[in-house]
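Trainee: following is a predicted model, sequence given first.
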Amino acid sequence: MDFARLRTLRELSLRKTMAAVAEALLISPSAVSQQIAQLEDETGVELVERRGRGVRLTPAGQRLADHAGRVIGVLAEAKTDLAELKKTIAGELRVSAFPSVAASLIPPTIRAMSARFPDLATIFEELEPDDSLAALRAWQTDVAVVDDLTTSASLSETQVEMLHLLDDHLHVLLPHDHPLAERPHLTLPELATERWVLDTTSATYADVIVGACRNAGFDPIVNARCHSFEVVRAMVEAGCSVSINPGLRGRDHIGNLRLKEIKPIITRRIFAAFRTGERRNPAIAAFVGELQTLATSMTARR
């Protein structure tokens, strides 16, 4: 059976839609459909059920996708074994992280790695945590930086190892002249009558904010939903809204706005994730070690 077609089927089992598979593999949706059809011809069994605009793997399709996952896993393990035996750090390392963490952790880590290992090329892709974990399971990234607040999947799954890096606290973002701007900290009920702007780049993150407000006894009055922090910041700066900002974005990214700690504290835990057993790979071990060192220094400066 053709390996590329098996990989496409495996991706479909993870990502659920032809469009998502096409985006992940950098091919067209029609090419994805064609590869699945060719694999069905090759195996002589129906692998997917087409339901309206969506598809679902048949029992045979899911079983073959599971086999494909094990084959890809064995090849990845062989690659790790060879890298461990060579004991050299070279080639390409693929890394993913979500925006508010990526801006703080990824550039200095890549800079440190480039200085120590000039023969290693680190390739970074900005992905939300769930997408990062999907890319990790599909062997499309080697290290994924994720959190436990916006990740819908279990962080204890056997395919992936998690290494805790640091904790981040969420903060209220206010205009500089807001009546509450001089308070040392705020509670969410104090913001019940405010208008809110939500960063909907990650739907899960927006749901976390709405859920926190509801747990505090009110539904936030949302007057803006934005797909970038720049627009969120502009809405708050103009006095149109308040928002909640990850602490890691820091004061360097908010201009003259006010960042206020929330009481009680809302914490998210940040992890480096990699496939089980692959910390034996010298490049992965070195990158994760640099992440740990940076995270430790950031925690000490707080």
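Mentor: Now that the structure is in, tell me what you want to look at. Note that the structure is predicted; figures quoted are calculated from it, not measured.

Trainee: quick check: longest strand of the protein.
Mentor: Counting by DSSP state E, the longest strand found in the chain is strand 160-174.

Trainee: ok, whichever helix or strand comes after that strand: who's next to it in the sheet?
Mentor: Later in the chain than strand 160-174, the nearest helix or strand by DSSP states H and E is strand 185-186. In its sheet, strand 185-186 lies beside strand 258-262 (parallel), with partners assigned from DSSP bridges.

Trainee: quick one: mean pLDDT over the longest strand of the chain.
Mentor: Strand 160-174 shows a mean pLDDT of 92 in the predicted model.

Trainee: just use 509 as the starting number from now, easier for me
Mentor: Fine by me, first position is 509 from now on; the one you just mentioned is strand 668-682.

Trainee: what's that strand packed up against?
Mentor: Based on contacts counted as 3 or more Cβ pairs under 8 Å, 6 or more residues apart in numbering; DSSP states H and E, the elements that strand 668-682 packs against are helix 637-645, strand 651-655, helix 737-745, strand 751-754, strand 766-770, strand 775-783, helix 790-809. From N, CA and C alone the C-beta is placed, and that goes for glycine too.

Trainee: per-domain residue ranges of the protein.
Mentor: The record, using automatic domain parsing to delimit domains, assigns the chain the ranges 511-582, 597-674+778-809, 676-776.

Trainee: can you tell me which of those is most buried?
Mentor: domain 597-674+778-809 (a mean of 18; mean count of other Cβ atoms under 10 Å).

Trainee: gap between H735 and D655?
Mentor: Between H735 and D655 the distance is 19 Å, computed by Cβ to Cβ, to the nearest Å.

Trainee: the residue nearest in space to the middle of the chain: what's it in contact with?
Mentor: With the centre of the chain defined as its mean C-alpha position, the nearest residue by Cα atoms, centre = their mean is P637, 2.1 Å away. Contact analysis of P637 by Cβ atoms under 8 Å, 6 or more residues apart in numbering lists F606, A652, V654, D655, T658, T659, S710, T712.

Trainee: list the residues that contact the fifth one.
Mentor: Taking Cβ under 8 Å, 6+ apart, we find T658 in contact with F606, E636, P637, D638, S710, T712, Y713, V716, R776.
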